[in-house]
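1. Build me a structure from this.
(chains A and B)
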Amino acid sequence: MSEKTNSIANINENDTSEEALNSTIDLSRVLAIGLHKTSWQQIMLLLAASLSVIIVFLIFIFTFINGFQIIPEYGFFKFLFGDFWNPEIEFGIFPMILGSFLVVLIALVIAVPVGIACAVYLSELAPDIVRKIMKPTIELLASIPSIVYGFIALRTIVLFFQNVLGFKTGRTAFTAGLVLSIMILPTIISIADDAIKAVPQRYREGSLALGATQWQTIRKVILPASVSGLTAAIILGFGRAIGETMAIYIIGGGATAIPKPFFNIFQPIDTLTSLIVRELGEAAVGSTAYHAIFGVACVLFVITFVVNLAGDIIIKRFAKKLKGGV
Amino acid sequence: MSDTTQKIEQQPSAEGEQSFDDLPRRKRLLSPKQGQKTAYIMLGSSAVFIFLIIAVFLGYIIVNGLANFSFRLIFSPFNPTTDLYGIGPAILGTFILVLGSVAIALPLGILAAIYLTEYTKGGVIVNIIDQGINNLAGVPSVVIGVFGYTFFCIFLRIGQSIIAGWLTLACMLLPTIIRTSQEALKSVPHEYREGSLALGITKWRTIRHVVLPSALPGILTGAILSLGRAAGETAAILFVGSGSLFLKWFGGFTGTFTTLPYMILHLHRSSGGWEEVGSVMWLIAFVLMMVVFGFNAVAMVVRSKFEKKRTGN
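-> Numbers count the residues shown, from 1 in each chain, chains lettered A, B, ... in the order given. Just a heads-up that it's a prediction; the model follows:
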């Protein structure tokens, strides 16, 4: 009896140990194959994926190490708030900062109402056929090169301001802002469209069931519910606008002094981006002007980085809120 | 406690009465129905406005482009002795530049997209990568150009050449290609992956032989769209080797290059953009738009075919 149990136990023990052995061998072999097969591929994929982060990091490092030298060479406050730029001696970029924000402000004042109205129309009201026409149209608008915008605007809006409205020059903050507003429309429309579409259907149904008209539903329910998404659209539109270069370079007028009075939008201005285009070709590598231009690039990089980060965070919170909201 | 409940009970009725009394006194400019109608007219007109802008814009380019159209200019280089502003080298340069940069960015972008869609399920690293891609997409093209100049041309000693142009543009296109590839990979049904894995095929082989082929049209659409975007780019390539090389067809891999948008800028700078070279600039703008729209149209055709196949399955 005891022998039997012993032997059974033995057999059992043997069995389990063999099984365990077999399974460990199998498992280790599988693991080894798996590890061997996936490790180098996964590392390669991870490297490719993190390339974007590396590039962003490199952009910051390389604009910064060239740009920060303007601080000892010229002075931080004189650089940021100095009101005069002369490529040989003076490197105050305040007129350009002012010009950039002025142009972007004009562009947003025009593009935000039109863009959001268009997004509301397309996502809530438009019949299918209109949507099918407008989607590619807006994509087309986004694909037009910046320099073509500038060139065409130079021959239409600028000439119109000079010859018909009798301005001394048509290359002003206002005309630049006008063109810029058209250029950022696709960005604003597509993000606003996503935000409005993300509002759950039950919000609309609830409002309509209470007897509200469709317009009341849009105004009192859908727009408030998507307000953070719409904010993100405006913020990302701002980020797109402040980095816009070639069109503004051609239409802005390139005046490196603060217009008097500074809120006069019908005077030539210069922006941070067009300053880079105009000056970098002529600055000798390592000169103060060269460092000043990299300082400008650094300022631009920081502005767009912060703006994009803020926009993305708002969008993510918005998505989470709509998912979690009852 | 009882107080508050009473208040809550009373409030709606009180408010209801009040608003009911107020109703005749409050003057509405428009009834809700009329308000809706006006609002809709305004919303609809914004769409019409945008449509008109692009129609006028395109019409203007096409009319002026066709008025100044000339095969002779398109197929010949610039000849200073006869003042023949040929744009042939610029067209060739544009194609060489965009094809090269997409050829660099596409494989990297696809690999990144595979990692993000197939190998990860969230986490800190993925969040950082995701944010990095978004931020790279948001960097102004002129800053990328400045970076390309200092990093590729000076730091890596590549010099101002078409290779530096390729690399700089590739940096700019990477986010778009990653995002469109991700979309394409996500749209591959899960059954495909499961079916392949159930047959005992490894994950990597599944991705290579099952997932990638069926996502290929979507990935291709993104690549063609970024070809169009790269073709119109000026600021990013301005400092990394764009030169006024309108005389020769190709300047070699270490020489400068010229593109259509750069030629517009060059003529604008040298003439103030006014009448002397106006007709050539119209022609360049027209050809450039045709190149960009051509890429977009091809992308749309590929996408619609792809979608049809999908829904057919």
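2. and the stretch 201-326 of chain A, which residues reach chain B?
-> Neighbours of chain B within the stretch 201-326 of chain A, by C-beta under 8 Å from any C-beta of the partner chain: A:213-216, A:218-219, A:236, A:239-240, A:242-246, A:250, A:273, A:276-277, A:280-281, A:285, A:293-294, A:297, A:300-301, A:304-305, A:307-309, A:312. Using the backbone N, CA and C atoms, a C-beta is placed for each residue, glycine as well.
3. Swap in 6 Å and give it another go.
-> Residues of the stretch 201-326 of chain A found near chain B (C-beta under 6 Å from any C-beta of the partner chain) are A:213, A:215, A:239, A:243, A:245-246, A:273, A:276, A:280, A:297, A:300-301, A:304-305, A:308, A:312.
4. next SSE after the lowest-mean-pLDDT helix or strand in chain A?
-> One helix or strand of chain A scores below all others by mean pLDDT, DSSP states H and E: helix A:2-67, with a mean of 65. Going down the chain from helix A:2-67, the next helix or strand is helix A:70-74, by DSSP states H and E.
5. Show me what that following helix is in contact with.
-> Applying C-beta atoms under 6 Å, 6 or more residues apart in numbering or on different chains, the contact partners of helix A:70-74 are A:79, A:91, A:288, A:291-292, A:295.
6. what would those look like in CSV with pLDDT?
-> Below are the contacts of helix A:70-74 laid out as CSV (pLDDT from 0 to 100):
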residue, pLDDT
A:79, 85
A:91, 88
A:288, 88
A:291, 91
A:292, 91
A:295, 93
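7. what's around residue 291, how many residues?
-> Going with chain A. Neighbour count of residue A:291, defined by other C-beta atoms under 10 Å in any protein chain shown: 24.
8. wrong one, I was asking about chain B
-> So residue B:291, with other C-beta under 10 Å, has 20 neighbours.
9. contacting residues around it?
-> Applying C-beta under 6 Å, 6+ apart to residue B:291 gives the contacts residue B:231.
10. quick one: it from residue A:39, how far?
-> 43 Å (C-beta to C-beta, to the nearest Å).
11. quick one: what helix or strand has the residue nearest the centre of chain B in it?
-> Nearest to the mean C-alpha position of chain B, counting by C-alpha atoms, centre = their mean, stands residue B:229 at 5.0 Å. Element membership of residue B:229, judged by DSSP H and E, is helix B:212-231.
12. If you count neighbours, what's buried in that helix?
-> B:212, B:214-215, B:217-231 (16 or more other C-beta atoms under 10 Å in any protein chain shown).
13. ditto for stretch B:206-213
-> Residues of stretch B:206-213 classed as buried: B:206-207, B:210-212 (neighbour count, 16+ other C-beta under 10 Å).
14. Find the residue ranges of chain B scoring beneath the pLDDT cut-off.
-> B:1-28, B:80-81, B:244-247, B:272-276, B:310-313 (pLDDT under 70).
15. Let me see the ranges of the helices in it.
-> B:2-25, B:32-67, B:71-74, B:88-114, B:124-138, B:141-148, B:162-186, B:190-198, B:203-206, B:212-231, B:260-271, B:278-312 (DSSP state H).
16. In the stretch 201-326 of chain A, where is pLDDT below threshold?
-> Those would be A:262, A:324-326, if you go by pLDDT under 70 across the stretch 201-326 of chain A.
17. Spatially nearest residue to the residue of it found nearest chain B, not counting backbone neighbours?
-> Nearest residue of the stretch 201-326 of chain A to chain B (C-beta to the nearest C-beta) works out as residue A:243 at 2.6 Å. With sequence-adjacent residues excluded and distances taken as C-beta to C-beta, 6 or more residues apart in numbering or on different chains, residue A:243 is closest to residue B:140, at 2.6 Å.
18. Now for the one you found: which residues touch it?
-> Going by C-beta under 6 Å, 6+ apart, the list of residues near residue B:140 reads A:243, A:300, A:304.
19. again, but for residue B:74
-> Counting by C-beta under 6 Å, 6+ apart, residue B:74 has no contacts.
20. rerun at 7 Å
-> Counting by C-beta atoms under 7 Å, 6 or more residues apart in numbering or on different chains, residue B:74 makes contact with B:87-88, B:91, B:287.
21. I'd like to know which of those residues is nearest to chain A.
-> Distances from chain A to these, taken by C-beta to the nearest C-beta, are shortest for residue B:287, at 10.7 Å.
22. Spit out the contact partners of that closest one.
-> Taking C-beta under 7 Å, 6+ apart as the criterion, residue B:287 is in contact with B:74, B:87, B:91, B:260.
23. ok, how many other residues are close to the nearest residue to residue B:204 once chain neighbours are set aside?
-> Among residues not flanking residue B:204 along the chain, residue A:41 sits closest, at 5.2 Å (C-beta to C-beta, 6+ apart). Using other C-beta under 10 Å, residue A:41 has 19 neighbouring residues.
24. Excluding chain neighbours, what is closest to residue A:251?
-> What sits nearest to residue A:251 in space, not counting adjacent residues and going by C-beta to C-beta, 6+ apart, is residue A:176, at 4.6 Å.
25. now the closest residue to residue A:271 other than its chain neighbours: how far from chain B?
-> Once flanking residues are discounted, residue A:271 sits nearest to residue A:100: 4.2 Å by C-beta to C-beta, 6+ apart. Counting by C-beta to the nearest C-beta, to the nearest Å, the separation of residue A:100 from chain B is 11 Å.
26. Up against chain A, what does the stretch 51-200 of chain B have?
-> Counting by C-beta under 7 Å from any C-beta of the partner chain, the stretch 51-200 of chain B comes close to chain A at B:51, B:53-54, B:57, B:60-61, B:108, B:111-112, B:114-116, B:119, B:128-129, B:131-136, B:138-143, B:146-147, B:150-151, B:154, B:171, B:174-175, B:178.
27. Weed out the non-buried ones from these.
-> For those, a neighbour count by 16+ other C-beta under 10 Å gives the buried set as B:51, B:54, B:57, B:61, B:108, B:111-112, B:114-116, B:119, B:129, B:131-136, B:138-143, B:146-147, B:150-151, B:154, B:171, B:174-175, B:178.
28. Phi, psi for residue A:146 please.
-> Reported as degrees, to the nearest 10, the phi and psi values for residue A:146 are phi -60, psi -40.
29. Was I right to think it contacts residue A:241?
-> No - using C-beta atoms under 7 Å, residue A:146 is not in contact with residue A:241, being 11.6 Å away.
30. Between those two, which is the more surrounded one?
-> Applying other C-beta under 10 Å to residue A:146 and residue A:241 shows that residue A:241 carries more neighbours, namely 27 against 24.
31. That one: which element?
-> Per DSSP H and E, residue A:241 falls inside helix A:227-242.
32. And that helix, what does it pack against?
-> Counting by 3 or more C-beta pairs under 7 Å, 6 or more residues apart in numbering or on different chains; DSSP states H and E, the packing neighbours recorded for helix A:227-242 are helix A:94-120, helix A:173-197, helix A:288-324.
33. Tell me which of the ones you listed sits most buried.
-> Greatest average neighbour count among the helices and strands packed on helix A:227-242 goes to helix A:173-197 (a mean of 24), per mean count of other C-beta atoms under 10 Å in any protein chain shown.
34. Now do the same for that one: mean pLDDT, whole number.
-> Averaging pLDDT along helix A:173-197 yields 93.
35. Residue A:221: neighbouring residues, count only.
-> 18.
36. hang on, isn't it packed against residue A:207?
-> Yes - counting by C-beta under 7 Å, residue A:221 does reach residue A:207; the two are 4.4 Å apart.
37. Excluding chain neighbours, what is closest to residue A:59?
-> residue B:147 (4.5 Å).
38. Tell me the spacing between that neighbour and residue B:76.
-> Separation of residue B:147 from residue B:76 (C-beta to C-beta): 35 Å.
39. Give me whichever of the helices of chain B is most buried.
-> Most buried of the helices of chain B, by mean neighbour count (mean count of other C-beta under 10 Å): helix B:141-148, with a mean of 28.
40. so how far is that helix off the chain centroid?
-> 17 Å (C-alpha atoms, centre = their mean, to the nearest Å).
41. about what we covered before: from the contact counts, what lies against the helix holding residue B:229?
-> For helix B:212-231, the packing partners by 3+ C-beta pairs under 7 Å, 6+ apart come out as helix B:88-114, helix B:162-186, helix B:278-312.
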